[in-house]
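Enquirer: coords please:
(one chain, ligands or ions: 2)
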Amino acid sequence: MNLDKSHMRVAHECIGMGNNATTLRSLYYPPLTPESPIKPGQIRLGEHSDYGTITLLFQDEIGGLEVEIPGHGFVPVTPIPETVVVNIGDLMQRWTSDALVATKHRVLIPEVELKKQLHRQSVAFFVHPYDEFLIKCIDGSDKYEPVTSGDYLKQRFGVTY
Ligand SMILES: O=C(O)CCC(=O)C(=O)O
Ligand SMILES: [Fe+2]
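Expert: Numbers count the residues shown, from 1 in each chain. Ligands and ions are numbered 1, 2, ... in the order given. Next up is the predicted model:
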């Protein structure tokens with residue numbers, strides 16, 4: 001893929017300086033007791049892909065995170081100490097004309113009763129280009145219309161909320 005590193009760097013150079021949707025989210029999944037009302041098929045976090053370029057995901061040792069491997073369904077992302085999970089986001093998929101595909105993921109409730117009774121903690125760092133940055137297909141194609149990073153996010157939030 002003809003990926004221009006400096007283009008990527010420029011897109012992300014405003015992280016931490018405003019006009020940028022990059023966010024750090026702390027996710028606390030409460031413990032479940034044997035009395036907790038769990039509906040059939042209930043999970044901790046429903047299937048989705050993230051909106052930005054990439055997401056850095058730090059998880060504890062409880063487990064439950066799964067990613068979809070096309071053709072293989074959802075597979076567990078077993079926690080490995082001091083290892084960060086990197087997910088491709090929807091904007092990156094659009095930017096690369098689908099050469100990189102956004103990672104679908106979800107979080108299940110542990111099957112082991114004892115593990116259910118422990119809380120799960122994760123931290124997600126959602127990386128976005130600065131709001132005015134124009135996302136044009138990097139292969140020069142017109143597969144997707146150019147859109148600024150900020151407008152793309154507004155469209156996505158508009159559909160979700
Ligand atoms: O808690 C996790 O491991 C995943 C969190 C996540 O996918 C998200 O917040 O978008
Ligand atoms: Fe996510």
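Enquirer: What are the buried residues along the lowest-mean-pLDDT helix or strand in the chain?
Expert: When the helices and strands of the chain are scored by mean pLDDT, DSSP states H and E, helix 113-116 comes last with a mean of 88. Within helix 113-116, the residues scored as buried using 16 or more other Cβ atoms under 10 Å are 115-116. Every residue, glycine included, has its C-beta placed from N, CA and C.
Enquirer: what secondary structure does residue 92 sit in?
Expert: Residue 92 falls in the helix class when you classify it by DSSP: H, G, I helix; E, B strand; the rest coil.
Enquirer: Does it touch residue 54 like I think?
Expert: Yes: taking Cβ atoms under 8 Å as the definition, residue 92 is a contact partner of residue 54 at 6.3 Å.
Enquirer: wait, what's in contact with the residue nearest to residue 44 when sequence neighbours are not counted?
Expert: In space, and not counting its chain neighbours, residue 44 is closest to residue 107: 4.1 Å by Cβ to Cβ, 6 or more residues apart in numbering. Each residue near residue 107 by Cβ atoms under 8 Å, 6 or more residues apart in numbering is listed here: 29, 43-45, 64-66, 120, 122.
Enquirer: just checking, residue 58 touches residue 123?
Expert: Yes: with contact defined as Cβ under 8 Å, residue 58 and residue 123 form a contacting pair (4.4 Å).
Enquirer: What are the boundaries of the helices in the protein?
Expert: 5-11, 90-95, 113-116, 149-160 (DSSP state H).
Enquirer: Highest mean neighbour count out of the ones you listed?
Expert: Burial of those is given as mean neighbour count (mean count of other Cβ atoms under 10 Å); helix 90-95 ranks first at a mean of 22.
Enquirer: Could you list the residues in contact with it?
Expert: Counting by Cβ under 8 Å, 6+ apart, 49-54, 100-102, 128-129, 135-138, 144, 147, 149, 152, 156 sit against helix 90-95.
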